[in-house]
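> 3D model of this:
(2 chains)
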Amino acid sequence: MREIYFDNSATTRAYPEVVETVTKVMLEDYGNPSSLHNKGLDAEHYVRDAAKIVAKHLKCQPEEIIFTSGGTESNNMAIIGSVLARRRHGKHIVVSSIEHASVLSVMAFLQNEGYEVTYVGTDASGHVNPEEFAAAVREDTILASCMHVNNEIGSVQPIAEIAKLIKEKNKDIYFHVDCIQSFGKIPVIPKTMGADLISVSGHKIHGPKGSGFLYVKKGLLIRPIIYGGGQQKGMRSGTENVPGIAGLGKAIELTFTNFDEKMTKVSALKQHLVEELTKLPEVFSNSHEAPHIASISFVGVRAEVMLHTLENEGIFVSSGSACSSNKKRESAVLTSIGLDEPKIESTLRFSFGEDNTMEEVDEVVAVINRILPMLRHYVRG
Amino acid sequence: MNQVKMFLVKYAEIGTKGKNRYVFEEQLCKRLRLRLKPLGEFSVRRDFGRIYVEALSDYDYDEALSRMTKIFGISGLCPVTVSEDLKYDSIKKAVLDHFENWYDEFNFSFKVRTRRNNKAFPINSMQMDMELGHELLVAHEAEGLHVDVHAPSVMLDVEIRDRAYIYSKIIPGPGGLPVGTNGKALSLLSGGIDSPVATYMIGKRGVEMSGVYYNSPPYTSLRALEKVEKLGTIVSQYSGPMKLFVVNFTDIQLAIYDNCPHDELTIIMKRIMFKIAERIAEQEGAQSLVTGESIGQVSSQTMASLSVIDNAVDIPVFRPVIGMDKQEIVNYSEKIGTYETSIEPYEDCCTIFVDKHPVTKPKLETIEKHEKKLVGIIEPLIDKAIETVEVKYLK
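Residues are numbered from 1 along each chain as shown, chains lettered A, B, ... in the order given. Next up is the predicted model:
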């Protein structure tokens, strides 16, 4: 049975070279970077080299990179670390309402701990309004956080503008940007973006799961959230995940090889899918600027039913709301861009990677043309 | 505390079954042996009208207790302190040790009850009661221990045979009758709260249980099936290994949707599910079906609906939770450990097939009339569903 994987925003298949690197490190260069002997030193080199690779592509310094266990940890560290460091300057945070759970859950936690959080919504186009965002910032606001690319609909937030306006209003504010869906897809340069903190996850760019990093602008003070032996200059204790970090470095190298060419291709796949599918009756696109994400609503069919039907055909995609009569988990993003219920409950996300092909898109279009009428036939009511 | 080396197994109803008593006791011993085997070396003996479990090796006490207290037929387990030799001083020491091990405070009333099955033992029962009672008072009277010969809180039993067995604490078991002593039944399992409870309740009466689950891919997911397997596995810890029949119901569901009025969808669907279950039960030698239906929870469980659905089959259908409130069923499911899994949100038969306004007072003649529309279409689908049944073994 064929396997067409259109769920790259959930996770990606590792590059074979990444697997090779991870294996080599685990079998040969398996030392602990904190060890004094050469085996430790060799392991340390991998970490340093990976930091250099990240720094090269982020156009920053290697010292500004802290390796973590992934995007969620980076987000947690950025937010909690900032808030702890800036406690004496205030207790107010401004954040967009369309963030991923690894940001929103931390915000809920902080609210419980006595912090005040203002959530700024998006307009019908899925974008945060920079003026509105800045208007929420006060003298006692210590942190602002806004994601770069939204994972469900692919809207790209006006980060540079937001940064400019909020820093005009409060020059000491920390600005965190979740770049988990944008790094490796569109340019991510902290200096240009005006970002003080950036989160990235390895398994979204064909790297190992359990790898990632946090960029922390030089001079910016944040507290660690994991304490222990003092590794990574005390900022993130715990023996470094050398195989994971080495794999991450390799993944980044490969991602940025022929970057423009690859993204042009991915973008074309997305365009083609959207064009062909929206030709079908009652099928709507909620897609935005991100080159790799297509959000499509198939009115009249439950998203999860379609997902499983596609799965039976070897096609893998994602859905926003889970199909369950007990608890409907409605998507905050889809609601905030003004979609009505029939669209929300029938929305699927197709997300592309560099190894997807136009033939795959054509096949998926053909399958959907075939199954859609049948699925629509069996409608509730 | 030293590890408990012996348990006395108390069983309620099977003691009264006359000729069948032997069969029941054997089944109970068999089940005990099976469940304890992975944990170490045990001897399970029927002796003098009782069952003793003796540990011959080290074993995981908590795991053993957890398993034994789930065995149907057992009303209670008494940890036994054993005195290997019958010298009075050894017995006295064992009695004092027993009290030390099992009680933290001694502010209660007690009575010693000695049974002397070994006539060579020099001291008579009444004398033993007094002597041992006295020793215990000497040790713990200051902490509130006192004797009550009429209604003691704690009855300390001392049995003198080849060894001396001392026990007093009773750890409750689930009651019921041993698995394998009362025929077989087939339970219709959904992933909900009610059907696992119903399965447990019938299994508790000594009935060997198997289950049937109706799968409708792609409308229901693999996760929903795994949830049902998990529930079945939890119940099987009590009722013994369970066969689960997974029936692919999609084509049948679609055929009903295409040919019958949509407000009768659920009723007709359930009637066919019952019919399929009846055929599987026949193949399996199961003499009844079991469901988790309860009067009035949903439209298919009104009195009228239940009666129309029941009419579809001849085999008896047992509904042990029929008169229970939802909260009672929830409490029961928490007690047996299925609640947490039951509330996981994976749909069993996707609500895509439930009409917005399902009929609540169906009439049998009307339903049968509409079912006729399926004649010629549904029979091959039913046959195919039964032929392609997937069997899973849960334990």
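> how many neighbours does residue 211 have?
In the absence of a named chain, chain A is used. Applying other Cβ atoms under 10 Å in any protein chain shown, we find 28 residues neighbouring A:Ser211. Every C-beta, even on glycine, is put in place using the N, C-alpha and C of the backbone.
> wrong one, chain B
For B:Gly211, the neighbour count with other Cβ under 10 Å is 27.
> same check, this time on A:Arg2
Neighbours of A:Arg2 using other Cβ under 10 Å come to 8.
> do the same with the one 5 residues further on
Counted with other Cβ under 10 Å, residues neighbouring A:Asp7 total 19.
> how about low-confidence regions in chain A?
A:321-330, A:379-381 (pLDDT under 70).
> For it, give the residue positioned nearest to chain B.
Residue nearest to chain B within chain A: A:His308 (3.4 Å; Cβ to the nearest Cβ).
> Which elements pack onto the strand or helix carrying that residue?
Taking DSSP states H and E as the definition, A:His308 sits inside helix A:303-312. Packing contacts for helix A:303-312, counted by 3 or more Cβ pairs under 8 Å, 6 or more residues apart in numbering or on different chains; DSSP states H and E, involve strand A:318-319, strand A:347-351, helix A:358-377.
> did I read that right, B:Leu289 in a strand?
Yes - counting by DSSP: H, G, I helix; E, B strand; the rest coil, B:Leu289 is found in a strand.
> now the helix or strand just after the helix holding A:His308, how far from the centre of its chain.
Sequence-wise, the next helix or strand downstream of helix A:303-312 (DSSP H and E) is strand A:315-316. Centroid displacement of strand A:315-316 relative to its chain, using Cα atoms, centre = their mean, to the nearest Å, is 20 Å.
> Tell me which strands strand A:315-316 pairs with, and in which orientation.
Counting by DSSP bridges, the strands paired with strand A:315-316 are strand A:4-5 (parallel).
> hang on, the earlier thing: for the helices and strands packed on helix A:303-312, give me CSV that also has distance to B:Lys227.
Converted to CSV, the helices and strands packed on helix A:303-312 look like this (distance: least, Cβ to Cβ, whole Å):
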stretch, distance to B:Lys227
strand A:318-319, 19
strand A:347-351, 23
helix A:358-377, 24
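> most tightly surrounded among those?
Mean neighbour count (mean count of other Cβ atoms under 10 Å in any protein chain shown) peaks for strand A:347-351 among the helices and strands packed on helix A:303-312, with a mean of 26.
> follow-up on the earlier one: residues contacting the residue of chain A closest to chain B?
A:His308 makes contact with B:217-219, B:221 under the criterion Cβ atoms under 8 Å, 6 or more residues apart in numbering or on different chains.
> can you put the helices and strands packed on helix A:303-312 in a markdown table and add distance to chain B?
Formatted as a markdown table, the helices and strands packed on helix A:303-312 follow (distance: least, Cβ to the nearest Cβ, whole Å):
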| stretch | distance to chain B |
| --- | --- |
| strand A:318-319 | 11 |
| strand A:347-351 | 13 |
| helix A:358-377 | 8 |
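> and B:Leu32, which of these is closest to it?
B:Leu32 lies closest, by Cβ to Cβ, to one member of those: strand A:318-319, at 48.5 Å.
> Spell out which strands sit alongside the closest one in the sheet and which way each one runs.
For strand A:318-319, pairing defined by DSSP bridges yields strand A:347-351 (antiparallel).
> What separation is there between B:Ile170 and A:Glu20?
63 Å (Cβ to Cβ, to the nearest Å).
> Equivalent analysis for A:Asn8, please.
21 Å.
> and what of B:Val290?
Taken as Cβ to Cβ, the span from B:Val290 to A:Glu20 is 56 Å.
> What is the burial count for the closest residue in space to A:Ile53 that isn't next to it in sequence?
In space, A:Ile53 comes closest to A:Gly249 once its chain neighbours are excluded; the distance is 4.5 Å by Cβ to Cβ, 6 or more residues apart in numbering or on different chains. Using other Cβ under 10 Å, A:Gly249 has 26 neighbouring residues.
> Spit out the contact partners of A:Gly249.
A:Gly249 neighbours (Cβ under 8 Å, 6+ apart): A:21, A:46, A:49-50, A:53-54.
> Buried ones from those residues, can you make that a ChimeraX selection?
Listed next is the ChimeraX selection for buried residues among the contacts of A:Gly249, using 16 or more other Cβ atoms under 10 Å in any protein chain shown:
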select /A:21,46,49,50,53,54
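> Return the closest of the contacts of A:Gly249 with respect to A:Ala14.
A:Thr21 (9.8 Å).
> And the helix or strand hosting the closest one, what does it pack against?
Using DSSP H and E, A:Thr21 sits in helix A:16-27. Helix A:16-27 sits against helix A:242-255, with contacts defined as 3+ Cβ pairs under 8 Å, 6+ apart.
> In contact with residue 179, which residues are there?
Answering for chain A, as no chain was given. Here A:Cys179 is in contact with A:147-149, A:188, A:198-200 (criterion: Cβ under 8 Å, 6+ apart).
> ah, no, chain B please
Applying Cβ under 8 Å, 6+ apart, the residues near B:Val179 are B:27, B:31, B:72-73, B:203, B:206-208, B:239-240.
> Go again with 7 Å.
B:27, B:31, B:72, B:203, B:206, B:208, B:239-240 (Cβ atoms under 7 Å, 6 or more residues apart in numbering or on different chains).
> Give me the pLDDT for the closest residue to it other than its chain neighbours.
Excluding the flanking residues, the one nearest B:Val179 by Cβ to Cβ, 6+ apart is B:Gly240, at 4.2 Å. B:Gly240 is assigned a predicted lDDT (pLDDT) of 92.
> same deal with the one 10 residues further on?
You'll see B:Thr250 listed with a pLDDT of 93.
> Tell me which residue of chain B lies closest to chain A.
Nearest to chain A in chain B, going by Cβ to the nearest Cβ, is B:Pro218, at a distance of 3.4 Å.
> hang on, that residue packs against A:Asn312?
Yes - with contact defined as Cβ atoms under 7 Å, B:Pro218 counts as touching A:Asn312 (5.7 Å).
> Would you map out the domains in the chain?
All of this refers to chain A. For chain A, automatic domain parsing gives the domain ranges A:16-255, A:259-377.
> should've been chain B
B:6-172, B:184-394.
> tell me which residues in stretch B:153-171 are buried?
Neighbour counts over stretch B:153-171 (16+ other Cβ under 10 Å) mark B:154, B:156-160, B:163-168 as buried.
> Ok, stretch B:333-344 next?
Neighbour count says stretch B:333-344 has B:333, B:336-339, B:341-342 buried, by 16+ other Cβ under 10 Å.
> For A:Thr239, which non-adjacent residue is spatially closest?
Closest to A:Thr239 by Cβ to Cβ, 6+ apart is A:Asn32, at 5.6 Å.
> should've said A:Pro342
Nearest non-adjacent residue to A:Pro342 (Cβ to Cβ, 6+ apart): A:Val299, at 5.0 Å.
> returning to that earlier point: assumed the residue nearest to A:Thr239 was part of a helix.
No - under three-state DSSP, A:Asn32 sits outside any helix and is assigned coil.
> how close does it get to A:Glu20?
22 Å.
> Next: B:His134.
80 Å.
> Between A:Asn8 and A:Glu20, which is the more surrounded one?
Taking neighbours as other Cβ under 10 Å, A:Asn8 and A:Glu20 compare with A:Asn8 leading, 24 against 13.
> For B:Ala385, see how far away the closest residue to B:Met269 other than its chain neighbours is.
Nearest residue to B:Met269 in three dimensions, chain neighbours excluded: B:Ile256, at 5.7 Å (Cβ to Cβ, 6+ apart). In this view, B:Ile256 and B:Ala385 are 13 Å apart by Cβ to Cβ.
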